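**Q** my questions concern the predicted model and sequence given below.
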Amino acid sequence: MGEVLSQNEIDSLLAALSTGELDADEMQKKDERQVRNYDFARPAKFSKEHLRTLEIIYEHYGRLLSTNLPLYLRKSVQINVASSETVVFSEFSNALSNPVILGIVNFAPLQGQIIIEISSNLGFTMIDRMLGGPGAPIDKEREFSDIELVILEKMMIVCMQLMKDPWKNVLDIEPFLERIETNPQFAQIIAPNDMIAIVTLNVKIGDIEGFMNMCLPFATVEDVIDKLNTKFWYSTMKEASDEDYSRYVEAMIRRVDIPVKAVLGNSVITVSDFANLQCGDIIRLDTRADQELSVYVGNIKKFKAMPGKSEDDYAVRVTTVLREEE
């Protein structure tokens with residue numbers, strides 16, 4: 001029911017109209033409701049609040065990648081969220097190059113999959129680093145070989161597993177990699193007209209830059225869409241203490257495999273002598289039994305040690321720790 005005016009208000013309104021202080025046409029326009037066009041082919045299923053929460057999730061994810069990928073690539077990695085948007089799936093798939101790296105990830109316990117897209121120049125950079133190269137991309141685009149796909153699958157699994165912690169405040173997920181596709185035509189996980197959210201990460205490996213896109217279909221995250229808001233996020237977020245962070249870093253370091261070797265000594269023999277070696281033969285080394293040995297961690301001389309035994313095994317006892325300046 002509209003507001004009822006008093007007699008004094010009516011008299012004041014009529015006086016204002018008669019003197020020209022108010023225009024009846026302008027008052028009528030103000031009463032008209034603003035109409036906004038709605039595209040039923042592209043329904044706005046993701047709000048700005050949903051996209052902002054996804055950005056927060058993948059900012060955390062980017063920090064984890066920046067910490068963990070250098071353990072495998074042996075090179076500095078910098079990652080930050082570049083943008084987020086919502087489009088139909090056909091626009092995303094049509095914009096992909098060929099070849100491309102697409103990881104089809106089952107987002108259990110949610111129903112459906114997501115796609116992790118890595119630009120091909122980043123893929124070739126990772127492959128080059130994993131094979132001992134400087135990490136330079138190729139000059140001309142080509143298909144990935146079977147061996148290269150195995151290496152990429154390992155890196156994709158690492159990237160996928162790191163997604164658990166950023167999503168913990170929304171849902172405890174257990175993602176697993178279903179397959180890797182290099183042709184966009186074989187990565188049609190949803191209908192072309194279905195809506196998706198895309199979070200784009202800018203990735204820099206050494207001097208090489210590229211993009212990593214997270215494709216999140218609405219059908220996959222529909223069950224938790226109400227939790228994708230900053231109010232829920234901050235209400236459930238727990239600050240990690242310095243002690244917990246130290247334990248996390250220590251646990252990550254413990255997972256790194258580094259060879260440690262003690263060099264007993266060196267000797268020079270002929271190829272003929274080497275080919276005719278038999279059990280029981282003695283090779284004279286350039287060190288004495290009571291002389292300290294060099295112990296290497298990776299390719300770095302790190303310790304001096306004395307040789308000996310521990311029960312039935314050969315062992316060394318560290319006597320000196322070598323600093324970098326030594």
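**A** All right, it came through fine. As the structure is a computational prediction, the values presented were derived from the model and not from experiment.
**Q** now do the phi/psi pair for Ile300.
**A** Phi and psi for Ile300, reported as degrees, to the nearest 10, are phi -110, psi 130.
**Q** what's across from it in the sheet?
**A** Val297 (DSSP bridges).
**Q** hmm, Asn213 is touching Thr200, no?
**A** Yes - in this structure, Asn213 is within contact of Thr200 by Cβ atoms under 8 Å, at 5.4 Å. Every residue, glycine included, has its C-beta placed from N, CA and C.
**Q** more neighbours, these two?
**A** Between Asn213 and Thr200, counted using other Cβ atoms under 10 Å, Asn213 has the larger neighbour count: 20 against 17.
**Q** list the contacts for that one?
**A** Listed by Cβ atoms under 8 Å, 6 or more residues apart in numbering, the contact set of Asn213 reads Phe92, Ile115, Ile116, Glu117, Ile198, Val199, Thr200, Leu201.
**Q** ok, now Phe92?
**A** Listed by Cβ under 8 Å, 6+ apart, the contact set of Phe92 reads Ile196, Ile198, Asn213, Cys215.
**Q** change it to 7 Å
**A** Residues near Phe92 by Cβ atoms under 7 Å, 6 or more residues apart in numbering: Ile196, Ile198, Cys215.
**Q** quickly find the element holding it.
**A** Remark: Phe92 resides in helix 89-94, with elements defined by DSSP states H and E.
**Q** tell me the helix or strand right after that helix.
**A** Moving toward the C-terminus from helix 89-94, the next helix or strand (DSSP H and E) is strand 101-106.
**Q** that next one packs against which elements?
**A** On a contact count with 3 or more Cβ pairs under 7 Å, 6 or more residues apart in numbering; DSSP states H and E, strand 101-106 meets strand 113-118, helix 146-161, strand 176-181.
**Q** avg pLDDT for the longest one?
**A** The average of the pLDDT scores along helix 146-161 is 88.
**Q** in that helix, what counts as buried?
**A** Glu148, Leu149, Ile151, Leu152, Met155, Met156, Ile157, Cys159, Met160 (16 or more other Cβ atoms under 10 Å).
**Q** what does stretch 284-296 give?
**A** For stretch 284-296, a neighbour-count test (16+ other Cβ under 10 Å) marks Glu292, Leu293, Ser294, Val295 as buried.
**Q** following the chain onward from the lowest-mean-pLDDT helix or strand in the chain, which element is next?
**A** Every helix and strand of the chain was ranked by mean pLDDT, DSSP states H and E. The lowest is helix 24-31, at a mean of 57. Sequence-wise, the next helix or strand downstream of helix 24-31 (DSSP H and E) is helix 48-73.
**Q** quick one, that following helix and helix 146-161 angle?
**A** Counting by axes from the mean of the first three to the mean of the last three Cα atoms, to 10 degrees, helix 48-73 lies at 130 degrees to helix 146-161.
**Q** for helix 48-73, name the packing helices and strands.
**A** Looks like helix 48-73 contacts strand 77-88, helix 120-130, helix 146-161, strand 195-205, helix 230-236 (3+ Cβ pairs under 7 Å, 6+ apart).
**Q** roughly how far is the first one from the heart of the chain?
**A** Put plainly, it is strand 77-88. Here the centre of strand 77-88 is set off from its chain's centre by 11 Å, with Cα atoms, centre = their mean, to the nearest Å.
**Q** again with the third one
**A** Relative to its chain's centre, helix 146-161 lies at 13 Å (Cα atoms, centre = their mean).
**Q** and stretch 125-143, by the same measure?
**A** Distance, centroid of stretch 125-143 to centroid of chain: 19 Å (Cα atoms, centre = their mean).
**Q** could I have the CA atoms of the helix holding Phe92 written out in PDB?
**A** In PDB, the C-alpha atoms belonging to helix 89-94 read as follows (Å, rounded to 0.1, in the frame of the first residue of the first chain):
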ATOM      1  CA  PHE A  89      32.700 -23.700 -21.300                       C
ATOM      2  CA  SER A  90      32.700 -23.400 -25.100                       C
ATOM      3  CA  GLU A  91      34.500 -20.000 -24.900                       C
ATOM      4  CA  PHE A  92      37.200 -21.500 -22.700                       C
ATOM      5  CA  SER A  93      37.700 -24.600 -24.900                       C
ATOM      6  CA  ASN A  94      37.700 -22.600 -28.100                       C
END
